[in-house]
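1. quick one, what's the 3D model for this:
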Amino acid sequence: MTMRKSTRQLGLLAAFALIASSALIAQDSGSAEKLAVGVSLNHDAFFGFNPMITASYPLNKKSELTFYGIQWGAGTASAWANWTEFGMGVNIKAGDFAINPQLGFTMGSLLSSGAAQRGVIGDGIVPNLTINLNNTKLIGQAYGGYYAALRQETQRGNATNNYMHYWFNLGAKATPWLALGAHFEHLYLAGGKGNGVPDLERTEGFQWIGPFIQVSKGIAGFRFSFGGDLTKDSESFSDNDFYKMNIFLNF
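-> Residues are numbered from 1 along each chain as shown. Predicted structure coming up:
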């Protein structure tokens, strides 16, 4: 039974990759538009170092095919079998906003066994949405992602884990190269199912809030965010202060 489930999950991932490849092949090879790539080196008090790469390919003037990959396992998440996330979606431009729904998959052990077993392909599935704002005066972003176990590797009574992670921030451009704003971010365990253990209940992770400063010019820049945690230590699985660094390059 386990082998059949694994085969179906691998088939789902293969179909996902095939759709992505087909969409690119279907584009006009003579198009003047080129693939855009961005790299973000991220570090924070909970996840540690988690570099991310993004790519987009234009479908028309208002939309583009998007891809992303996160190496969660480079930091704290190395304990989750070198957790890795890959996904794709479509970015839709609407005035000063860019709306980007995506579907991702994780490889590792955090969702499928609570980090108690070996890392597996198709550890979890991640429907997510990012909305970006950018104009001459303001920058902002809203993100929400639900991390749900896709496999159940709980042979020894461990539970699967499902998480909700979201944030939003908004800043004003004091100069063309300097922006100041505020950031709020929330992570919590949304539940999970065990093998011979009670289902997990919602547990708070953190509720970070504080200011940020961003310095950027051309294709490069960085943002430093910091502040406090609104969640009481006794009620959460994270007891760190809020500090986050993002270094980004766009090509």
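
2. quick check, pLDDT for the nearest residue to residue 164 once chain neighbours are set aside.
-> In space, and not counting its chain neighbours, residue 164 is closest to residue 190: 4.8 Å by CB to CB, 6 or more residues apart in numbering. Bear in mind the C-beta positions are built from the backbone N, C-alpha and C, glycine included. Among the per-residue scores, residue 190 shows a pLDDT of 96.

3. again with residue 101
-> Predicted confidence (pLDDT) for residue 101: 98.

4. hey, what's residue 222 bridged with?
-> Beta-bridge partners for residue 222, by DSSP bridges, are residue 215, residue 247.

5. just confirm it contacts residue 213, I think it does.
-> No. Counting by CB atoms under 8 Å, residue 222 does not reach residue 213; the two are 9.1 Å apart.

6. how about the residue nearest to residue 152 when sequence neighbours are not counted, what does it touch?
-> Nearest non-adjacent residue to residue 152, counting by CB to CB, 6+ apart: residue 160, 5.5 Å away. Residues near residue 160 by CB atoms under 8 Å, 6 or more residues apart in numbering: 111, 112, 113, 114, 149, 152, 154, 192, 193, 194.

7. and those residues as a markdown table, adding secondary structure and distance to residue 206?
-> Formatted as a markdown table, the contacts of residue 160 follow (DSSP: H, G, I helix; E, B strand; the rest coil; distance: CB to CB, whole Å):
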| residue | secondary structure | distance to residue 206 |
| --- | --- | --- |
| 111 | helix | 18 |
| 112 | helix | 23 |
| 113 | helix | 23 |
| 114 | coil | 19 |
| 149 | strand | 21 |
| 152 | coil | 27 |
| 154 | coil | 26 |
| 192 | strand | 18 |
| 193 | coil | 24 |
| 194 | strand | 24 |
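
8. hmm, back to that, please point out which parts of the helix or strand harbouring the residue nearest to residue 164 sit buried.
-> Secondary structure from DSSP states H and E places residue 190 in strand 178-191. By neighbour count on 16 or more other CB atoms under 10 Å, the buried set for strand 178-191 is 179, 181, 183, 184, 185, 186, 187, 188, 189, 190, 191.

9. helices or strands up against that strand?
-> In terms of contacts (3 or more CB pairs under 8 Å, 6 or more residues apart in numbering; DSSP states H and E), strand 178-191 is packed against strand 138-149, strand 162-175, strand 203-217, strand 242-250.

10. what's the closest of these to residue 48?
-> With CB to CB as the criterion, residue 48 lies closest to strand 242-250 of these, at 11.1 Å.

11. and that closest one, what other elements does it pack with?
-> The helices and strands touching strand 242-250, judged by 3+ CB pairs under 8 Å, 6+ apart, are strand 36-44, strand 178-191, strand 203-217, strand 220-229.

12. go again using 6 Å as the cut-off
-> Contact partners of strand 242-250 among helices and strands, from 3 or more CB pairs under 6 Å, 6 or more residues apart in numbering; DSSP states H and E: strand 36-44, strand 220-229.

13. those into a markdown table, with extra columns for mean pLDDT and distance to residue 123?
-> Compiled in a markdown table, the helices and strands packed on strand 242-250 are given as follows (pLDDT from 0 to 100; distance: least, CB to CB, whole Å):
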| stretch | mean pLDDT | distance to residue 123 |
| --- | --- | --- |
| strand 36-44 | 97 | 20 |
| strand 220-229 | 97 | 27 |
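
14. let's have those strands in TSV, adding mean neighbour count.
-> Putting the helices and strands packed on strand 242-250 into TSV (neighbours: other CB atoms under 10 Å) gives the following:
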stretch	mean neighbour count
strand 36-44	16
strand 220-229	17
